[in-house]
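Asker: Output the structure for:
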Amino acid sequence: MHSVRKTPTLVAAGAAAVALALGATACASGTDGRRGSDGPGGPGAEAAPQVPRVLRAIGDGSTADAGPQPRQPVFHRLRPGEKPPQFVVFSWNGAVEDSQRLLSEVRGAGEHNGAAMTYFLSGTSLLPADRKDLYAPPRHPRGTSDTGLTDRATIADTLHELRLAWADGSEIGTYFNGHFCGQDGDAADQAAAAGAAAGDAADSGPGSWTPEEWAAEIRQAQDLTQHWKTNAGLTALDPLPFDYPKAVVGGRAPCRTDPAGLPPAAKAAGFRYTADPSGQPQIWPSRTEGLWHFPLQDIPVPGRDVETLSTDDGFLSVQSGTPDKGSADQEQYAEWGGQMHDGLIAGFDRAYHGNRAPLVIGSHLESWNGGIYLKAVEDTIKEVCGQQDVRCVSFKQLADWLDLQDPKVLDRLRGLDVGQAPKGGWDAYLRGAPTRPAAPAAPASPAAPAAPGSPGATSEAVRPDGR
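Answerer: Sure thing, here's the model as predicted:
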């Protein structure tokens, strides 16, 4: 659960900085997936993000159409025999700037190292506790949430950081709302603790929600984000500088389930991907029914003959024996933090020198075990994002690159096993793949993208420039 800051603090200085950004002209993007001529974090990286001057308020002014998002890379279709980039996606569950100030910390780490990232925002994170009844979760009492609700000062600080994250080229995705688990998730008693009857707990988690219930959850996440000014009364604050239905094109479900009801609802909502919370081996992603699937991955735990999820709570579970509570054994913290860092680097090296599968790293804005896991991720950002051929991107940008590629080439990439480099080299392996006519290069985040789909895995051609 996020801590809630009780002392109201204003963010006047931050709001002024964003206001200056909103008054600036847009800057040009880098090319070829880079944030400048020398790649992410290199000397060619842009000095500062800028936002288009003209804003069109939407609804009550909680959001606004600010035009194309700044600092978006321009990708190209792989040439015959060309080695793919090594993509790395750093994603953050529960984007809230609470008293720990962790959202601003990780956002700064991304900005300083040329890394676009994905921040998963819950709609309820913009809903003050005294307006909780505005949220009606599926199969749970109105006004309940397993992560709790917050105060207006925390909402204001969160909005400030989200504006800066968007201006820096990062993605705002959805973490939906209530973060309920139930017996199909990590904590069997959470549904009952939230108010459901004990006999209903097994069926209350999101893994059992129908497509219609997921559609309601998606609609409420959008509505809460588009009406925070009305709901919280923070009418003097600047809007979030994006049009929600166009900007939010994917999300991550809570707990460790891949809900069967989510993909149909996500596709109907115009999503392009789901960031599945369960794990799979480090292989290239696939697309089914028009949705890219970007699951967490199984990576090594150095010093142990096991693998765990590429997340902070994956390592927490292995080390502390629990997925959501730290250990009192502080003497272990340094060793455990190093173990997670080394595990992330081992997963990176396995892909970088092997099949080049995108590395997906998921984290929470939490200070478990003294903050060792957050530091491990930040150190990994610094270590990998400036390397040759490495592109630290958001899920949205990864989907943009995949949409540009020849499906036959993607099929070849998916044919490589974990850590498997092509026998005979990349040129021979990919040059032999049948190709289709190349689509024109396109910005990584078009105004209204979507991935039209057909049943089965990703053999269909996809427009890079829209729904």
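Asker: From now on I want contacts and neighbour counts done on CA atoms only, so please keep to that.
Answerer: Will do.
Asker: elements contacting the biggest helix by length in the chain?
Answerer: Across the chain, the longest stretch assigned as helix under DSSP state H is helix 333-352. Taking 3 or more Cα pairs under 8 Å, 6 or more residues apart in numbering; DSSP states H and E as the contact definition, the neighbouring helices and strands of helix 333-352 are strand 296-300, helix 312-320, strand 359-364, helix 368-384.
Asker: what residues does that helix touch?
Answerer: By Cα atoms under 8 Å, 6 or more residues apart in numbering, the list of residues contacting helix 333-352 from outside reads 86, 282, 299-302, 310, 312, 315, 319, 357-359, 369-370, 372-373, 375-377, 379-380, 418-419.
Asker: Least reliable of the helices and strands packed on helix 333-352 by average pLDDT, please.
Answerer: Lowest mean pLDDT of these: helix 312-320, a mean of 93.
Asker: where does the protein have low pLDDT?
Answerer: Applying pLDDT under 70 to the chain picks out residues 1-54, 182-202, 323-325, 433-467.
Asker: What residues of stretch 298-310 count as buried?
Answerer: Neighbour-count burial for stretch 298-310, with 16 or more other Cα atoms under 10 Å as criterion, is recorded at 298, 299, 300, 301, 302, 307, 308, 309, 310.
Asker: Pairing-wise in the sheet, spell out the partners of the third one.
Answerer: With beta bridges defined as DSSP bridges, residue 300 has these partners: residue 307.
Asker: Where do the strands of the stretch 351-467 of the chain begin and end?
Answerer: With DSSP state E, counting those that start in this stretch as the criterion, the stretch 351-467 of the chain has strands at 359-364, 390-392, 442-443.
Asker: how about the helices of the stretch 51-200 of the chain, start to end?
Answerer: Listed in chain order, the helices found in the stretch 51-200 of the chain under DSSP state H, counting those that start in this stretch are 102-112, 152-167, 190-193.
Asker: got a list of contacts for the next helix or strand after the shortest one?
Answerer: Translated: helix 190-193. Per DSSP states H and E, helix 190-193 leads on to helix 211-226 as the next helix or strand towards the C-terminus. Judged by Cα under 8 Å, 6+ apart, the contacts made with helix 211-226 from elsewhere in the structure are 59-63, 122-124, 126-127, 135, 137-138, 174, 176-177, 231, 244-245, 260-266, 269.
Asker: Pick the most buried one from the strands of the stretch 351-467 of the chain.
Answerer: strand 390-392 (a mean of 27; mean count of other Cα atoms under 10 Å).
Asker: which neighbours does that strand have in its sheet, and in what orientation?
Answerer: Under the criterion DSSP bridges, the sheet neighbours of strand 390-392 are strand 86-93 (parallel).
Asker: what about the nearest residue to residue 138 once chain neighbours are set aside, neighbour count?
Answerer: Of all residues not flanking residue 138 in the chain, residue 213 sits nearest, at 5.9 Å (Cα to Cα, 6 or more residues apart in numbering). Residue neighbour count, defined by other Cα atoms under 10 Å, stands at 18 for residue 213.
Asker: same deal with residue 423?
Answerer: A count of nearby residues for residue 423, using other Cα under 10 Å, gives 9.
Asker: ok, now residue 125?
Answerer: Other residues lying near residue 125 total 30 when counted by other Cα under 10 Å.
Asker: ok, it - contacts?
Answerer: Contact criterion Cα under 8 Å, 6+ apart gives 96, 149, 150, 155, 177 as the residues in contact with residue 125.
Asker: now the first one: how far from residue 135?
Answerer: In other words, residue 96. The gap separating residue 96 from residue 135 is 18 Å, by Cα to Cα, to the nearest Å.
Asker: what's the answer for residue 335, then?
Answerer: Using Cα to Cα, residue 335 is found at 42 Å from residue 135.
Asker: the more surrounded of these two?
Answerer: residue 135 (22 against 12).
Asker: Skipping adjacent residues, who's closest to the more buried one in space?
Answerer: Beyond its immediate neighbours in the sequence, the residue positioned closest to residue 135 (Cα to Cα, 6+ apart) is residue 143, lying 5.3 Å away.
Asker: In this structure that neighbour contacts residue 127, no?
Answerer: No. The pair formed by residue 143 and residue 127 falls short of the contact definition of Cα atoms under 8 Å, at 10.2 Å.
Asker: Return the closest of the buried residues of stretch 298-310 with respect to residue 111.
Answerer: For residue 111, the nearest member of the buried residues of stretch 298-310 is residue 310. The distance, counting by Cα to Cα, is 21.8 Å.
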